[in-house]
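Engineer: predicted model follows, preceded by the sequence.
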Amino acid sequence: MSSPYIFADPRLDKLDGFQVEIDEAHERADIILNRPPYNVVSMPQRDQLRLVFETFDEDVRIRIIVVRSVGEHFSSGGNIGGFMEATPETVSKLAWNIASPTRCSKPVIVANRGYCFGVGFELSLACDFRIASETTLYALPEQKLGQIPGSGGSARLQKMIGITRTKDIVMRSKRISARLAFDWSIATECVPDAELEKATDKLVDELRSFAPLAQRTAKKLLNDTEDATLTVAIELEGHCYSRLRQSDDFKEGVEAFNAKRPPKFVGR
């Protein structure tokens, strides 16, 4: 059963536009966007989201992090007025804050439905797994404001789907359906809207069945080698493999396999 998460950091005493829950029995923490109907993301909220991810990364009770929303839309994007009021220093941190799911060592799942625009899309792109309801529409509409994406959206998309499709989305402020996002490998899964929560829960349980250390290693390796040459990536993979070879979890995995029983991983 989920319960409110208690933070020690006073900067998180009053969360701006979202809430946080923890389900210790399932080693899960949820970040829930809660500013209906469109869950607009404020400037202060971005920095708080970063702090929450950093806190969760250090919490041994948490294995999996889920980002989801209240209502029929994930997020229509950022607070436009906030951009005009923000200092250059604040604006310079936008991409760093929104990249916090990527920096987090633990698996991060995002459940999308309805509008997933602007920073809502960029936050989702920074997560490891995107489960999209069939109602989801993805977009980076900044061109309509005379701007470009500023929190990693165009850069991440180009790595995922290539320059041609990214130009189509960014330069035309084009809306992409959940089904097309799945076909283009933006979304990990595309499910009926009524099954979004069930699909999210299922993925949480699946990820919890794997060795925590191996998962953290795989995430960091894949992130770190995204821009590497094949030779460098293979070399780094070999070093990571060698390190995990000495882990208690690998020994347990082999013993469980030979004994034909479920493994009991402990994260070391």
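Structural biologist: Thanks, I have it.
Engineer: any idea of the pLDDT on the residue nearest to residue 170 when sequence neighbours are not counted?
Structural biologist: Distances taken as C-beta to C-beta, 6 or more residues apart in numbering put residue 154 closest to residue 170, at 4.9 Å, once the chain neighbours are dropped. Where you see a C-beta, it was placed from the backbone N, CA and C, and this is true even at glycine. Note for residue 154: predicted pLDDT of 95.
Engineer: now do residue 82
Structural biologist: As predicted, residue 82 sits at a pLDDT of 68.
Engineer: same thing with residue 93?
Structural biologist: Residue 93 is assigned 79 on the pLDDT scale.
Engineer: find the helix or strand that the closest residue to it other than its chain neighbours is a member of.
Structural biologist: With C-beta to C-beta, 6+ apart as the criterion, residue 93 has its nearest non-adjacent residue at 7.1 Å, and that residue is residue 47. Element membership for residue 47 (DSSP states H and E) is helix 43-58.
Engineer: identify the residues contacting that helix?
Structural biologist: For helix 43-58, contacts defined as C-beta atoms under 8 Å, 6 or more residues apart in numbering pick out 7, 9, 11-12, 15-18, 20, 29, 31, 62, 65, 78-79, 82-83, 85-86, 90, 93-94, 96-98, 100-101, 103-106, 108, 119, 123, 151.
Engineer: all helices for this structure, in order.
Structural biologist: Taking DSSP state H, the helices of the chain run over residues 43-58, 80-85, 88-92, 94-98, 100-103, 119-125, 153-161, 163-170, 178-183, 196-208, 212-224, 230-245, 248-259.
Engineer: any chance of those in CSV, with mean neighbour count too?
Structural biologist: Shown next, in CSV, are the helices of the chain (neighbours: other C-beta atoms under 10 Å):
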stretch, mean neighbour count
helix 43-58, 19
helix 80-85, 12
helix 88-92, 11
helix 94-98, 20
helix 100-103, 19
helix 119-125, 28
helix 153-161, 19
helix 163-170, 16
helix 178-183, 18
helix 196-208, 17
helix 212-224, 17
helix 230-245, 12
helix 248-259, 13
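Engineer: ok, residue 207 - contacts?
Structural biologist: Residue 207 makes contact with 63-64, 107, 109, 215, according to C-beta under 8 Å, 6+ apart.
Engineer: okay, it and residue 32: tell me how far apart.
Structural biologist: Using C-beta to C-beta, to the nearest Å, residue 207 is found at 19 Å from residue 32.
Engineer: go on, residue 9?
Structural biologist: Distance from residue 9 to residue 32, by C-beta to C-beta: 18 Å.
Engineer: which residue of the two possesses the greater neighbour count?
Structural biologist: Legend: neighbour count by other C-beta atoms under 10 Å for residue 9 and residue 32, higher for residue 32 (17 against 11).
Engineer: contact partners for that one?
Structural biologist: For residue 32, the contacting residues are 18-21, 68-70, by C-beta under 8 Å, 6+ apart.
Engineer: selecting buried members of those in ChimeraX, what would you type?
Structural biologist: ChimeraX command restricting the contacts of residue 32 to the buried ones, with burial defined by 16 or more other C-beta atoms under 10 Å:
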select :18,20,68,69
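Engineer: contact partners for the residue nearest the centre of the chain?
Structural biologist: The residue lying closest to the centre of the chain (C-alpha atoms, centre = their mean) is residue 127, at 1.9 Å. The neighbours of residue 127, taking C-beta under 8 Å, 6+ apart as the test, are 67, 101-102, 108-110.
Engineer: please redo it, this time with the cut-off set to 10 Å
Structural biologist: 65-67, 101-102, 104, 107-112, 188 (C-beta atoms under 10 Å, 6 or more residues apart in numbering).
Engineer: ditto for residue 72
Structural biologist: Residue 72 neighbours (C-beta under 10 Å, 6+ apart): 36-39, 113-115, 133, 135, 193.
Engineer: out of those, list just those in strands.
Structural biologist: 115, 133 (DSSP state E).
Engineer: just the buried ones from the contacts of residue 72?
Structural biologist: Buried members of the contacts of residue 72, counted by 16+ other C-beta under 10 Å: 38-39, 113-115, 133, 135.
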